[in-house]
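> Please find the sequence and the predicted model below.
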Amino acid sequence: MLIEVLYFFEIRNMKKSTLLLKDICLNPSQIHKFRGFIGNLFRDYDMLHNHDPITGKLIYRYPLIQFKLINGIPAIIAVTDKAVELFSLLFLKLNEVVIEDLKIPVFEKDLYIEDVTIRYANETFMYEFMSPWLALNQKNFRRYTESESKSEKANILRQTLIGNILSMSKYLGCWLEKDQNIHAEIRTEEKPVNLKGKTMIGFTGMFKTNFIIPDGLGIGKSVSRGFGTVLKN
């Protein structure tokens, strides 16, 4: 019976690729420089830097290519078939990484390609943040910091998480029916985060939701720089 019900849901199947650079050592604060180097190297491909190559204007969308650390290993993750196709070019041409004028040769490149699904579900799944989640924007930052109620702060984060999931699903082409509502429970702790020399509030912990998110993808702000990476438990 469950299988028959699922046919009415919008199910989005796509490719996901993960490129691991196992012989390179970077710390979390260098990931945005790692992304900047790759973006300059392939500046004609806006999926790598999310800026219009001609005007330089920011392209507002869910990042299809994300740079991060996975178990301490520098990684680049691409999602959707189109973004994965670009990986063949990246894989062949990436022979070195330049960080702060330091040239680091790339000898070992491990590429993994898999089929993943993103969709609404009738059941809930538990996820863990592998890297701090940047949940707060200018609007909800003030509400969050000025609130003295723990329950209100938790509700702000819960609503933000649901919004992040809906935004990701929309940009990845997974649309929900009117009667399909995302629910979430969240248990997090604050963690100071340094992003481009600025200290921000990040969150670590776990959440539960009725939506399937492929492992390694990020939600929230600055996911292209490795923040908000989730792993299903």
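That came through fine.
> Going by neighbour count, which residues in the regular element (helix or strand) spanning Leu90 are buried?
Using DSSP states H and E, Leu90 sits within helix 81-93. Neighbour counts over helix 81-93 (16 or more other Cβ atoms under 10 Å) mark Ala83, Val84, Leu86, Phe87, Leu90 as buried. All C-beta spots, glycine's among them, are computed from the backbone N, C-alpha and C.
> Which one of those is nearest to Leu134?
Lowest distance from Leu134 to these (Cβ to Cβ) belongs to Ala83, with 21.8 Å.
> Identify the residue spatially nearest to that closest one, adjacent ones excluded.
Leaving out its chain neighbours, the residue that sits closest to Ala83 by Cβ to Cβ, 6 or more residues apart in numbering is Leu64, at 4.0 Å.
> residues contacting Pro132?
Residues in contact with Pro132 (Cβ atoms under 8 Å, 6 or more residues apart in numbering) are Lys191, Val193, Gly202, Phe203, Thr204, Phe227, Gly228.
> Now pLDDT and secondary structure too, for those, in a markdown table please.
Output for these, formatted as a markdown table (pLDDT from 0 to 100; DSSP: H, G, I helix; E, B strand; the rest coil):
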| residue | pLDDT | secondary structure |
| --- | --- | --- |
| Lys191 | 95 | strand |
| Val193 | 92 | strand |
| Gly202 | 96 | strand |
| Phe203 | 98 | strand |
| Thr204 | 97 | strand |
| Phe227 | 96 | coil |
| Gly228 | 97 | coil |
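> Now, of these, which are buried?
Buried among those (16+ other Cβ under 10 Å): Val193, Gly202, Phe203, Phe227, Gly228.
> ok, the residue nearest to the second one when sequence neighbours are not counted to Leu166 distance?
Meaning Gly202. Leaving out its chain neighbours, the residue that sits closest to Gly202 by Cβ to Cβ, 6+ apart is Pro132, at 3.0 Å. According to Cβ to Cβ, to the nearest Å, Pro132 and Leu166 sit 21 Å apart.
> Leu217 and Asn40, how far apart?
24 Å.
> So between those two, which is more surrounded?
Legend: neighbour count by other Cβ atoms under 10 Å for Leu217 and Asn40, higher for Leu217 (22 against 11).
> show me what contacts the more buried one?
Lys16, Gln66, Ile77, Val79, Met168, Val223, Thr229, Val230.
> partners of the first one in the sheet?
Beta-bridge pairing of Lys16, defined through DSSP bridges, involves Val79, Glu114.
> could I get stretch 31-47 in CSV with only the CA atoms?
C-alpha atoms of stretch 31-47 as CSV (Å, rounded to 0.1, in the frame of the first residue of the first chain):
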residue,chain,number,x,y,z
ILE,A,31,37.6,25.9,2.2
HIS,A,32,36.4,29.2,0.8
LYS,A,33,39.9,29.8,-0.6
PHE,A,34,39.8,26.2,-2.1
ARG,A,35,36.5,27.1,-3.7
GLY,A,36,37.8,30.4,-4.9
PHE,A,37,40.8,28.8,-6.6
ILE,A,38,38.6,26.2,-8.4
GLY,A,39,36.1,29.0,-9.4
ASN,A,40,38.9,31.1,-10.9
LEU,A,41,40.4,28.0,-12.7
PHE,A,42,37.0,27.3,-14.3
ARG,A,43,35.5,30.8,-14.3
ASP,A,44,33.5,30.1,-17.5
TYR,A,45,31.3,27.6,-15.6
ASP,A,46,29.0,29.5,-13.3
MET,A,47,27.9,26.3,-11.5
